[in-house]
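# please find the sequence and the predicted model below.
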Amino acid sequence: MAVELGNPWRANVGSAEAMIVAEILLVKFDQVTEGRLAELFGCRGHHAITHSGDQPLSQVLRRRGFDLVILDVSCDYSITRKHVAAVRARREQHGLRPMLLCVSRVYRGPQFELELEREGARVVYVL
Amino acid sequence: MSSDLRPIAERAEVLLAELAGFSQSGPELRIVHRFQEPGTDCQAGEEIWVISVILRGRKTVLPLSLALRQVVNYLAETRHIPQSATQIAAGMRRSAFYVKHGMNSGIPSKRKISRSAVKEYVKRIRKAFGLSFREIGLDLDPKRVLVSKTTVGNEIHYQLRARIEWVHLGSDGVRVIDPTVAR
């Protein structure tokens, strides 16, 4: 299930404004970080939603058209791969949307970064 | 997680800007012409040497044969107007650039492009796009780059949706042609 965070006024914005607002999905972050990121993106005029993990990511992506998925890849690599594959499958069917940004608290070397970049993701470290 | 989350927001903005750029004008293609005569741009006698896709500073060469490079170059030149296979074949046959392709090198390398060949070439170009996109991690359907457009009749029109940069190699070194003023 996807839980909506931040930017509560968005429901009232007109279609012209809605076009410049991005739909962002936050995956695998802790609650505090999710809240802070949603606030940060809300300030920039975007709409952040968090993926709680109740449903597979592929289903959430199918139900709603996201512009960007931000994924915390600090922990389990097998789950990361599953999520990255779900985003990639979606992109193969629907063009470049959603873009994928992987965030890591742990430096795992250039090979890790290269593997994710080959999957079409971008990596940012928050050390 | 660390207290400073601004790098995430900044990188996210970059990706969203990239997405907006792609949605508007497609990926970036670089077409390199060589054997340029000094003081001329895209003139008859030059050779279409190589065509590459560029993404996030990474470049990969499209695996295209001579005829396919010529068709991509033609579609890039005329990318604002969707054209049928017949129009593409006719346009290429009447253009001195393709008739005298590679003549400046002393070894001409022209190809005769027919209407039926164009249809086959479109498939091969898409295949080449697919291979190169995968290589640079770009999940983009080649049919969204070399677009087929239906008409009210049964004719199909083709159009290239990409940002194009022409680079010329001549005796005076490398020079970049601004796509907005080239041809």
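Nice, I can see it. Numbers count the residues shown, from 1 in each chain, chains lettered A, B, ... in the order given.
# check contacts around the nearest residue to residue A:82 once chain neighbours are set aside.
With sequence-adjacent residues excluded and distances taken as Cβ to Cβ, 6 or more residues apart in numbering or on different chains, residue A:82 is closest to residue A:57, at 7.7 Å. Bear in mind the C-beta positions are built from the backbone N, C-alpha and C, glycine included. Residue A:57 sits next to A:27, A:51, A:69, A:82, A:83, A:86, A:87 when contact means Cβ atoms under 8 Å, 6 or more residues apart in numbering or on different chains.
# now residue A:57: how far from residue A:86?
Separation of residue A:57 from residue A:86 (Cβ to Cβ, to the nearest Å) stands at 4 Å.
# same check, this time on residue B:41
Relative to residue A:86, residue B:41 is positioned 46 Å away (Cβ to Cβ).
# quick one, which of those two is more surrounded?
Using other Cβ atoms under 10 Å in any protein chain shown as the criterion, residue B:41 and residue A:86 rank with residue A:86 on top: 21 against 16.
# quick check, the more buried one in a helix?
Yes: per DSSP: H, G, I helix; E, B strand; the rest coil, residue A:86 lies within a helix segment.
# can you pull out the strands in the chain?
I'll assume chain A. Secondary structure of chain A (DSSP state E): strands at A:2-5, A:23-27, A:47-51, A:68-72, A:99-104, A:121-125.
# I was thinking of chain B, sorry if that wasn't clear
B:28-36, B:47-55, B:58-61, B:146-150, B:156-160, B:163-170, B:173-177.
# with distance to chain A, mean pLDDT and mean neighbour count added, can I get these in TSV?
Output for the strands of chain B, formatted as TSV (distance: least, Cβ to the nearest Cβ, whole Å; pLDDT from 0 to 100; neighbours: other Cβ atoms under 10 Å in any protein chain shown):
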stretch	distance to chain A	mean pLDDT	mean neighbour count
strand B:28-36	13	92	20
strand B:47-55	9	92	20
strand B:58-61	9	88	14
strand B:146-150	12	94	14
strand B:156-160	16	96	18
strand B:163-170	14	89	19
strand B:173-177	26	58	11
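# residue B:101 is nearest to which of the ones you listed?
Closest approach to residue B:101 among the strands of chain B is made by strand B:47-55 (6.4 Å; Cβ to Cβ).
# just checking, what packs against that closest one?
Applying 3 or more Cβ pairs under 8 Å, 6 or more residues apart in numbering or on different chains; DSSP states H and E, one finds that strand B:47-55 contacts strand B:28-36, strand B:58-61, helix B:66-77, helix B:115-135.
# so in that sheet, which strands flank it, and in what orientation?
Strand B:47-55 has its sheet partners listed here by DSSP bridges as strand B:28-36 (antiparallel), strand B:58-61 (antiparallel).
# how about CSV for those strands, with distance to residue A:106 added?
Formatted as CSV, these follow (distance: least, Cβ to Cβ, whole Å):
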stretch, distance to residue A:106
strand B:28-36, 33
strand B:58-61, 25
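# quick revisit: can you put the strands of chain B in CSV and add distance to residue A:93?
Listed next are the strands of chain B as CSV, based on distance: least, Cβ to Cβ, whole Å:
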stretch, distance to residue A:93
strand B:28-36, 23
strand B:47-55, 20
strand B:58-61, 23
strand B:146-150, 17
strand B:156-160, 22
strand B:163-170, 24
strand B:173-177, 36
